[in-house]
Every structure is written in C-alpha cells, then in structure tokens.
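>>> With the input below, show me the fold.
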Amino acid sequence: MTERLSDRRIIRTKRMIRDALTELMEKKGFEAITVRDLTETADINRGTFYLHYRDKYDLLEQCEDEIINGIKQFTHNINPKDALTFDGQQEPFPFIVYLFEYLHENSSFMKVVLGPNGDAAFQVKLKDFIKGTFFQKIITSLKQEEMLVPVDFLIAYVSSAHLGVIQHWLESGMEKSPQEMALILSRITLLGPRQVTGLNGK
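Sure thing, here's the model as predicted:
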C-alpha cells in the first residue's frame, strides 16, 4: 500500500514538472528555461527535481521518450493487410485512432514540443519512429520491384506528411476528433491526393 502511494506521488510529481516544462517552453523556449524556473512553476524544491532528473535536458529527453514509449504500446495492432485493402469508406484503422487519442491526451506537451519553441530533434526522433514502426510493416508486404518510386523515398515522404498533419491538427485546436483524424490520415496516405480531391481519372 505504501509502495503504491509512493509510486502515485512520483507520477504526480513528474506530471507537475512536465506541465511546468510545457508552460515555460510555450512562453520562452527551452534554451531560456532554468531549473529554478521549473521548480518555481511546479512548486517543488530543487532536491525533488534532482531526485528524478539530472538537468533540464534529461527532463526533456525523458518526457519525449515517455511519449514514444506510449505510442509503442499499441503498435502491435498494426495489420499490413488492412492498409492494402483500404478503400476510403471503411472505419479507420484502430491503431491510428489510438495514436490520435494518445496525442489528444498529451496535446499540451505535444503542441509545444512540435512547435516553433519546441525540440527539432524530437521531430526527427518521431519521424524515425514512424518510419521504423508504422510503415516498415506495410512496406514489407509490397513487391518493391513493382513500385513506381524507390521505397526509401516513399517512406520519407509519408512519415514527413504524417508529422505535418499531426502538427496542423495540434496547432489548429484539434477541432476534428481522433476518429475523424484517423480516417483523414488513412485516406490521404493510402488513397493519395488525386482520389481524396476527386481528381482521379477526371
């Protein structure tokens, strides 16, 4: 019982520190933040901060890794066959719905870290994760010799496009629901601009 209370306290403290980091990054950017800023904003003492993090860089890295690890939890639901049979009318893939629900839950941090005052290195990390996890499973199901473009260019394009859509959704206030965003992203990715704009064959 005591151990569970301690774990909950740690989770609560870390969330307060992450919220402080998010607020300060939005106000003045990461480089201008000091540990004192963080402790004052989170209303904790320096000893508590250093109990969990070496410095502000370690804090940022742990927060980013937490996001990536959270996304990893539902990537096992990816089924390459779903992508190959998608016609644009069916329900969006569950794993993409989960992705947008998770992003929505962590939207304050995600909006800042992917924004102009955020961390460019995290964008690279997230794109690499998208490449290696989401699309590697789909690409391995295709006959690469029949593709019209080299596979590495396709993966680079789609991963950058996905990140761009996510950033736009966060920046525009997330008016579309995670379910709607999952369907939009599935249609753009798997049907392409010609079909989604109605220009296909016209």
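
>>> Helix or strand next in line after the helix or strand bottoming out on mean pLDDT in the chain, which one?
Lowest by mean pLDDT, DSSP states H and E among the helices and strands of the chain is helix 80-85, with a mean of 57. The element immediately downstream of helix 80-85 (helix or strand, assigned by DSSP states H and E) is helix 94-105.

>>> middle-most residue in the chain, spatially?
Centroid check for the chain by CA atoms, centre = their mean gives L103 as the closest residue, at 5.9 Å.

>>> how close does V124 sit to T189?
Distance, V124 to T189, by CB to CB, to the nearest Å: 20 Å. The C-beta positions use only the backbone N, C-alpha and C, and glycine is treated the same way.

>>> do L51 as well
Counting by CB to CB, the gap from L51 to T189 is 43 Å.

>>> pretty sure the residue nearest to the centre of the chain is touching M110, no?
Yes: if you go by CB atoms under 8 Å, L103 and M110 touch, sitting 5.6 Å apart.

>>> Could you list the buried residues of the strand or helix carrying A121?
Element membership for A121 (DSSP H and E) is helix 120-129. Neighbour-count burial for helix 120-129, counted by 16 or more other CB atoms under 10 Å, picks out F122, K125, L126, K127, F129.

>>> contacting residues for the third one?
The neighbourhood of L126, defined by CB atoms under 8 Å, 6 or more residues apart in numbering, consists of I68, L114, L163.

>>> low pLDDT regions in the protein?
1-5, 77-92, 134-144, 191-202 (pLDDT under 70).

>>> ok, which stretches of it are strands?
In the chain, no strands are defined using DSSP state E.

>>> so how far is the top helix by length along the chain from its chain's centroid?
Looking across the chain with DSSP state H, the single longest helix is helix 2-28. Mean-position distance between helix 2-28 and its chain equals 19 Å (CA atoms, centre = their mean, to the nearest Å).

>>> start the count at 266, not 1, going forward
Fine by me, first position is 266 from now on; the one you just mentioned is helix 267-293.

>>> on contacts alone, who are the packing partners of that helix?
For helix 267-293, the packing partners by 3 or more CB pairs under 8 Å, 6 or more residues apart in numbering; DSSP states H and E come out as helix 300-307, helix 311-317, helix 321-337, helix 372-378.

>>> How about the contacts made by Y318?
In this structure, Y318 makes contact with I282, L324, Q327, judged by CB under 8 Å, 6+ apart.

>>> Present the residues you listed as a markdown table; the columns should include neighbour count.
Below are these laid out as a markdown table (neighbours: other CB atoms under 10 Å):
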| residue | neighbour count |
| --- | --- |
| I282 | 22 |
| L324 | 22 |
| Q327 | 15 |
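
>>> and which of those is nearest to K293?
Of all those, L324 has the smallest distance to K293: 15.7 Å, by CB to CB.

>>> ok, the closest residue to that closest one other than its chain neighbours to A447 distance?
Nearest residue to L324, sequence neighbours excluded (CB to CB, 6 or more residues apart in numbering): Y318, at 4.3 Å. Distance, Y318 to A447, using CB to CB: 34 Å.

>>> Good, we can wrap up now.
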